[in-house]
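# Structure of the sequence below:
(one chain, ligands or ions: 1)
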Amino acid sequence: MDSAVHPDVRETAEAIDTMEIRGAATIATAVAEALATQAAESDATDPERFRAEQRAAARVLYETRPTAVSLPNALRYVLQDMEGHSVEVLRDSVVRSATEFQRRIESAQEDLGQVGANRLRDGDTVMTHCHSTAVVACIRAAVEQGKEIHAMVKETRPRNQGHITATQLREMDVPVTLIVDSAARRYLNDVDHVLVGADSIAADGSVINKIGTCGLAVNARDCGTPIAVAAGTLKFHPDTLTGHTVDIEMRDEREVIDDETRAEIGDIEVLNPAFDVTPPRYVDAILTERGQFAPEGVATLMRELFGEGTVDPWDEPE
Ligand SMILES: O=P(O)(O)OC[C@H]1O[C@H](OP(=O)(O)O)[C@H](O)[C@@H]1O
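Numbers count the residues shown, from 1 in each chain. Below you'll find the model as predicted:
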């Protein structure tokens, strides 16, 4: 354990791991803030030591959850310009980049919200899955445009994050109907849109999002109900441009079944993948702060944003 890693960084990492801090964009904001604290409170006296501390902090944060690319994208953004020959210059660069990153996330969310809202008509019902700040931003913007929007919220087992969506939508007076996940098919003909978030978007337009998204999308397509993914460019996974796949996080079995019930049943295997992959053919549109795209069209924008590769600032230099 590297003692130079600030306790706040460890606390943030722990909160991400236990999902006290969750949701791809919220995780990104939290790690940017943690790096800024690490920088602001560093007592390193030479630039090399300062850089090593930042790398160590970034590594602790990076190793928390593997699927949402917003996390490494945030680390890269904050540490990308860590150039300079004095600790003061380096410190300023990290703190400035972290602030800039948070500001960009906020404005991206607003712009993306407008794009999503423009797809919604007055009186529409939207089916949601899990909790996504980007989805909530779309519905909020539609409500602010004066549209009456209804929501059918899937509870989203095993952690029931649909309850967070329901709470936030009720706070803006959106009428909410809560359903269990397996009831989605029954109501897909009654809703006008399916709107979900994303943890990562791959270069081929595949959408990596909370487990159950793929089944929902396949059913939506079968019913002819349009499905849009609210995902800012922060969710674009640069490594997929060069053929890498996205790791799907497997979470604790006890999120699915408690020890006592499990013991009563007998010897069973329990699998708890947190995410799944929805192929691009089941997705109508990806909504970003740069406008909406057909999933097959994101690769061009990804290349424009990331070039052909990225660096991993948490790695030790060669
Ligand atoms: O960035 P925003 O739209 O807030 O969230 C995007 C996604 O993050 C969540 O993952 P988790 O709850 O952290 O496992 C959900 O899968 C959600 O769709």
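# Need the phi and psi values for the residue of the stretch 201-318 of the chain found nearest the ligand.
Of all residues in the stretch 201-318 of the chain, Lys210 sits closest to the ligand, at 3.4 Å by Cβ to the nearest ligand atom. C-betas here are computed from N, CA, C, even on glycine. Taking degrees, to the nearest 10, you get phi -50, psi 140 for the backbone angles of Lys210.
# For the closest residue to it other than its chain neighbours, give me its contacts.
Nearest residue to Lys210, sequence neighbours excluded (Cβ to Cβ, 6 or more residues apart in numbering): Cys130, at 3.8 Å. Neighbouring residues of Cys130 by Cβ atoms under 8 Å, 6 or more residues apart in numbering: 154, 156, 161-162, 165, 196-197, 209-210, 212-213.
# rerun that using 6 Å as the cut-off
156, 161, 210 (Cβ atoms under 6 Å, 6 or more residues apart in numbering).
# neighbour-wise, which of those residues leads?
Lys210 (24 neighbours; other Cβ atoms under 10 Å).
# Against Asp190, how distant is it?
Per Cβ to Cβ, to the nearest Å, Lys210 is found 22 Å from Asp190.
# cool, and Arg103?
From Arg103 over to Asp190 (counting by Cβ to Cβ), the distance is 40 Å.
# cool, Phe306 as well?
From Phe306 to Asp190 the distance is 40 Å (Cβ to Cβ).
# count of neighbours near Thr177?
15.
# Per-residue confidence, it, what does it come out as?
Thr177 carries a pLDDT value of 98.
# Show me which residues of the protein sit near the ligand.
22-26, 130, 132-134, 161, 197-199, 209-210, 274 (Cβ under 6 Å from any ligand atom).
# could you redo the last one with a cut-off of 8 Å?
19, 22-28, 65, 67-68, 70, 129-136, 159, 161, 196-199, 209-210, 213, 230-232, 234-235, 249, 274-275 (Cβ under 8 Å from any ligand atom).
# Near the residue lying closest to Gly197 once chain neighbours are set aside, how many other residues are there?
In space, Gly197 comes closest to Ser132 once its chain neighbours are excluded; the distance is 2.5 Å by Cβ to Cβ, 6+ apart. Other residues lying near Ser132 total 26 when counted by other Cβ under 10 Å.
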